[in-house]
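> Sequence first, then the predicted structure:
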Amino acid sequence: MEKSNVVLHVADVHKRFGGLHALADIDLQVEEGKTHAIIGPNGAGKSTLLNVIIGKLAPTSGQVVFDGTVLTGRKPYQINQLGIARVFQTPEIFADLSVLHNVMIPALAKRDGMFKLNMLRSLDSETGIRAEAEHMLEDVGMITRREMLAGSLSRGDKRRMELAMCLIQHPRLLLLDEPTAGMSRHDTNTTIELLKKIKSRGMTKVIIEHDMHVVFSLADKISVLAQGRIIADGSPDEVRGNPKVQEAYLGGAH
Amino acid sequence: MFEIIFLQFLNGLDKGAAYALIALGLTLVFGTLGVVNFAHGALFMLGAFCAVTVRMFLTMETVTIDPEKLSPWGAPLEVREPLVQAWLGDFGAVLVNYSVPLSILITIPIMLLVGIGLERGIIKHFYKRTHAEQILVTFGLAIVAQEVIKSVFGPNPIPQPMPTDLRGAADIGAWLGMQANVITYPVWRLIYFVFAGVVIGGVFAFLQFTTFGMVVRAGMADRETVGLLGINIDRRFTIMFGLAAVVAGMAGVMYTPLLPPNYHLGMDFLVLSFVVVVVGGMGSLPGAVAAGFLLGILQSFASMNQVKAIFPGIDQIIIYLVAVIILLVRPRGLMGRRGVMEA
Amino acid sequence: MTTFMSRNDLFLFLGFTVVVLAMPIWLAPFGAGYPDLLQRFMIFGIFAVGFNILFGLTGYLSFGHAAFFGVGSYAAVWSFKLLTLDAIPAMIFAVLISGLFALIIGFLCLRRSGIYFSILTLAFAQMSYNLAYSVLTPITNGETGLQLTLADPRFLDAAMGQTFSGQPVPTLLGQQLGGYAGFYFCAGFLILSFFIAQRIAGSPFGMMLKAIKSNQTRMQFTGFNTRPYALSAFVISGMYAGLAGALLAVTDPLAGAERMQWTASGEVVLMTILGGVGTLVGPVIGAWIIKYFENILSALNDNILARFWSFLPEGVADVVVKITSKFVGDGWHLTLGLAFVIVVIFLPGGIMEGVRRIAAAFRRSGSSSAKPSARTQPAE
Ligand SMILES: Nc1ncnc2c1ncn2[C@@H]1O[C@H](COP(=O)(O)OP(=O)(O)O)[C@@H](O)[C@H]1O
Ligand SMILES: [Mg+2]
C-alpha cells in the first residue's frame, strides 16, 4: 500500500446528526484504479460517507482529500468538476427530460465547465456531444429508449441511465451507491459486466453494495462499516474470514 | 421618551394581533396539510363580511310614509323603524349595538363550513401537487372570493361601529401608576388584543391538551408515521383546516371596527401574513405568533415621525425589509424547524 | 440552416410571425381589430414570454415581476422627458435599467428557492411599489403618475434643434407611434422576443434551465453552478418585463405605480398558466385571451346582456341577465378567477395541454398514418 497510489483519502472524518454519531473516526484510503467496496448493514453510515465525499454534507470534523486537493468546504459542483461522479441510492435524474438529454447534460458539464451562457447556439448543432451520448447509451443498452422521458423509465433503467450520466463524464473517481438495488438478476449481471468493462479502463471506484456476489466479483479491497465505524478493512478474502464482520452482519439490522 | 416608546409599542399590538391570528391559521394549515394557502387572507375577509351581513340584517328597517307629516324639506316624512327594535324593544337595540361581537357566534359555524367545504372540495386534491400549484389554485380561489364579495357588497369599505360602551380610550398610563392622560389607548384595540390572546391560547391549549391535538401535532412532525399507525389523519386535517378558517374569520370580525372592511382586505393582509409566517418559520405556531406581534410593533415604531425623519419611507417597507433580511440570513425563520422548505 | 434552426422551429416561428402581423385582419370579426387592444396583446405577450423563461423553463415562481415592468415604464418615460421623444433610445434605456434592477433583486432572491423565493420576490416588488408611491415621488410622481409635458428638457432633441407644438408624444424617426404604427412597432418587438425565447429554449443553456427545474440537486452534482444559470434566466425575464413596460409607455406615455402592484404580478402568472407553462406559444396565447376577455367582458352591461338573452321567455331572461351580469363589466375578474381555478384543477398544462390532448385524440381515432409524437413542443 504505497502512499503515492492513494487518490482518495478520507481522513479522521466524524459526522454527527444531533445525538447520532453517523460517522466515527473514518479513515479510508482508496488507491488509484482500484475498486473499493464498502459494505455494512443498513443505517451503518455508508451513504452518509459518500455524501461527505461529494460535498452534500459537511463533516463535523476531519477532511477529505482527493489527489492532493482538499475537498472539504468545496461546493458539490466544484467537486464534480475535479472528476468525481456519483450514482445515488435513489436515482437522481432529470425526470422531465428525455433520456438522451439526461446523458448530454453531464457531457456538457465536462466540456463547458460549471457555467456557460451559450444561449444562442442551437442544441441541434451539438452533434459531437450528441454522438457521444448516443454511444454511451448504446454501452448501457438503452439506445432504443433515448427519446423516452426519463421519469417514465423502470427503476432499473433509471439506474442504468444514471450510470451512463456518470460514465460519460469519464470521472477519475466514480462513487456507486447500491447500483444494483432493485434490479432483476439479469439486469444485475448486465450491470456487473458493464462495471467490469469500466474497471479495465482504469477508473477508480467506490462501490456500496449489499449483494456479496457483486462485491466479490468486483472489489479489490473491502471496508466494512457498522454503526459509523470501519470495523474491518482488507482484501476480499481477508474480510470474508473476519469474525467481527460476521458478527456485525448477524447482529446488525439486516 | 419612555411614554412615547411605550405608546408605540401599544399601538403595534392590535395590528400585531391581527397578523398573529392570520399567520397562526396559515402556518397551521401549512404544518398539517403541507398546503401553501393563498386564500387564507380571503377567509379573514369573509369573516369581516359575516359581521357586515349580521349588522345588515339587524338594522333592516321598515319604511312607511307618513302623509300627515312633512319633513323639513317639505317631502312626506319617511318613518324608518328598525325591525329588530320593533320586535324586541330595548333588547333589540342592544343587539344592534353589539352586532360586531355577536357576529362571532354566527361566524364560527359559517367559517367552519366554508373551511371544511373548501378542503374537501378543492384543497385535498392538491396535497400531492407542487407548492406552486397550491399557490396558484388558492390564489384563484382568493380572487373568486373577493370578487363575489365585491359584487354583493360593492367596492367601498363598509364601516362597522363598535358598541357604544366600548368606544373611547383607556388610560393605561394611569393604571400603571403613571401620569394620567399621557398613555391612553382605545378600548376596542385593547379588546382586540385580549381577544387575540384568548384565541391563540385556546388554539395552543387545544393542540396541547387534547388527544386530537396530540395526533395533529404528531402529524405535523411526521405525517407518514402517524398515517402508518392507522389513525385517520385526513379527517383530522380537514377539521384543522376548518379551525384555521374559523380563527381567520373571527379575527376578521373583530377587526372590522378598526378598519372598515372592503373586498380586497383579504389580499392586503395575506401578503403581510405570509411574510409573518415566513419570518416566524414555516410550520411553527409559536413562531407565527411571535413574528406577528414583532412585525406589528416594528411597523408601529417605523411610522414614528422621528424614525421617518432618519429613514424616509421606512414605514412603507419595514415589514418587507425585515422579511428579506430574515430570509437571507436565517431562511428557516425565527423558530422554524430545520429542513422545512429550505430546499 | 439546419443547425441554425430546426425545420419545426422555423415553421413555428414563421407561423407565429404571420399570425401576429395579420392580427388586425383576423381579429376584426371578433371585434378586437383596433390598435389600442392589439398593442396590449403585443405588450403583454412579451411580458408573458419573458416570464415563462423564468417560471416555465427554470421553475422559479416569481410574484414580483410587475416591478420590472414598472421600472421599464418609468425608465422609458424618463428617456422621453430627458433625452428624446424617439422610442428606440427609450427602449434600450428601459431594458438596461430593468435588467440591472433584476440583476440586483435576482442576486438576492435566488439565494433561496421554492416558496421562499416567491415570497422574496413579492417582498421586493411590494417595497418598490410602496416606495414608488411615497419617498420616490420625485422619480415616479406618485399617484398622479409620470407624464410628458411641454416643459421637459429633452436634451437630445433640443441639441438637434427639434421643437414641438402641442402635447409631446413618442415617435420613431419622427413618425408618431399612435394607432397601427404603434401596433406594428410593438409587434416587431413581440416577434423578436419570441425569436429569442425560441432560441433560448432550443439552446444548451435552455436545456440547463429545464434541468434545473427538473432536479436542481442533480445539476449541482453533475458539475453545474446553478446560481448563475437561474440568475441569467431571472435577468433575461426581467429585461423582457422592462421591454413590455417600456412599450406600454410608448403607446401611452403615463407611468403609474399601480403597474408594479402584486396583482399585476399575479396577472402575468395567470397568463402563463392559462396558456401553458413551459411552452413557447402558450404564454402568448394566455396573454391574448386574458386581454381579449378583459376587453370584451368588462365592456358588457345589463342592456347588452338583455339584448343578447332576449330570445328567452321574459321571466327567465331577467334571471339569466341578472346572473350573467355578475360575471361581466366590473365582475369580469370573477370570471377570470373562476377560469383560473378551473384551469389549475383540470388542465394544469393550460390551453396548450388541451390542444395537445385533443390532437392526440384525433390522431388515435384518425388515420393509421399518424406519426408517433413528432416533437413539436420544444419545451417538453
Ligand atoms: N441528513 C440526515 N439527517 C439526520 N440523520 C441522517 C441524515 N442522513 C442519514 N442520517 C442517519 O444516519 C444514519 C446512517 O444513514 P446512511 O448513511 O443512509 O446509512 P446506510 O449505510 O444505510 O447508507 C442513519 O441512522 C440515518 O437515519
Ligand atoms: Mg444507504
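Ah, there it is. Residues are numbered from 1 along each chain as shown, chains lettered A, B, ... in the order given. Ligands and ions are numbered 1, 2, ... in the order given.
> Chain B contacts on the stretch 251-380 of chain C?
C:262-263, C:266, C:269, C:273, C:326, C:330-331, C:333-334, C:336-338, C:340-341, C:344-345, C:348 (Cβ under 8 Å from any Cβ of the partner chain). Backbone N, C-alpha and C define where each C-beta goes, glycine included.
> Quick check on those residues: which are buried?
Buried subset of these (neighbour count, 16 or more other Cβ atoms under 10 Å in any protein chain shown): C:262, C:266, C:269, C:273, C:326, C:330-331, C:333-334, C:336-338, C:340-341, C:344-345, C:348.
> Can you flag which of these belong to helices?
Secondary structure from DSSP state H places C:262, C:266, C:269, C:273, C:333-334, C:336-338, C:340-341, C:344-345 of those in helices.
> Make sure C:Ala246 is indeed in a helix.
Yes: C:Ala246 sits within a helix when classified using DSSP: H, G, I helix; E, B strand; the rest coil.
> That one and C:Met42, how far apart?
12 Å (Cβ to Cβ, to the nearest Å).
> Could I get the buried residue list for stretch A:128-142?
Going by 16+ other Cβ under 10 Å, stretch A:128-142 has these buried residues: A:Ile129, A:Arg130, A:Glu132, A:Ala133, A:Met136, A:Leu137, A:Asp139, A:Val140, A:Met142.
> what's the answer for stretch C:142-153, then?
Under the neighbour-count criterion of 16+ other Cβ under 10 Å, stretch C:142-153 has C:Gly142, C:Gly145, C:Leu146, C:Gln147, C:Leu148, C:Asp152 buried.
> Wait, C:Leu108 touches B:Ile325, no?
No: with contacts defined as Cβ atoms under 8 Å, C:Leu108 does not count as touching B:Ile325, sitting 10.2 Å away.
> Pick out whichever of those two has more residues nearby.
Higher neighbour count among C:Leu108 and B:Ile325: C:Leu108, with 15 against 12, using other Cβ atoms under 10 Å in any protein chain shown.
> near chain A at all, the helix or strand the more buried one falls within?
Assigned by DSSP states H and E, C:Leu108 belongs to helix C:87-109. No: Helix C:87-109 lies out of reach of chain A by Cβ under 8 Å from any Cβ, never closer than 13.6 Å.
> Name the residues of that helix that are buried.
Buried, per 16+ other Cβ under 10 Å, within helix C:87-109: C:87, C:90-91, C:93-95, C:97-102, C:105-106, C:109.
> so for the helix or strand following it, what's the average pLDDT?
Downstream of helix C:87-109, the first helix or strand assigned by DSSP H and E is helix C:114-133. Average pLDDT, helix C:114-133: 86.
> the inter-axis angle of helix C:114-133 versus helix C:87-109?
130 degrees (axes from the mean of the first three to the mean of the last three Cα atoms, to 10 degrees).
> continuing past helix C:114-133, what's the next helix or strand?
Next along from helix C:114-133, by DSSP H and E: helix C:137-140.
> Quick one: distance of stretch B:12-25 to the chain centre.
Relative to its parent chain, stretch B:12-25 has a centroid offset of 7 Å by Cα atoms, centre = their mean, to the nearest Å.
> A:Thr204 is in contact with A:Glu32, isn't it?
Yes: contact criterion Cβ under 8 Å: A:Thr204 and A:Glu32 qualify, at 5.7 Å.
> Find residues that contact each of those two.
Residues touching both A:Thr204 and A:Glu32 by Cβ atoms under 8 Å, 6 or more residues apart in numbering or on different chains: A:Val7.
> which of those two has more neighbours?
Per other Cβ under 10 Å, whichever of A:Thr204 and A:Glu32 has more neighbours is A:Thr204, with 23 against 15.
> check contacts around that one.
Applying Cβ under 8 Å, 6+ apart to A:Thr204 gives the contacts A:Val7, A:Leu8, A:Val30, A:Glu31, A:Glu32, A:Gly33, A:Lys34, A:Thr35, A:His36, A:Arg172, A:Leu173, A:Leu174.
> got the buried residues for the helix or strand harbouring A:Ala22?
Counting by DSSP H and E, the element that carries A:Ala22 is strand A:20-31. By 16+ other Cβ under 10 Å, the buried positions in strand A:20-31 come out as A:His21, A:Ala22, A:Leu23, A:Ala24, A:Ile26, A:Leu28, A:Gln29, A:Val30, A:Glu31.
> Can you tell me which of these is nearest B:Gly115?
A:Ala22 (42.1 Å; Cβ to Cβ).
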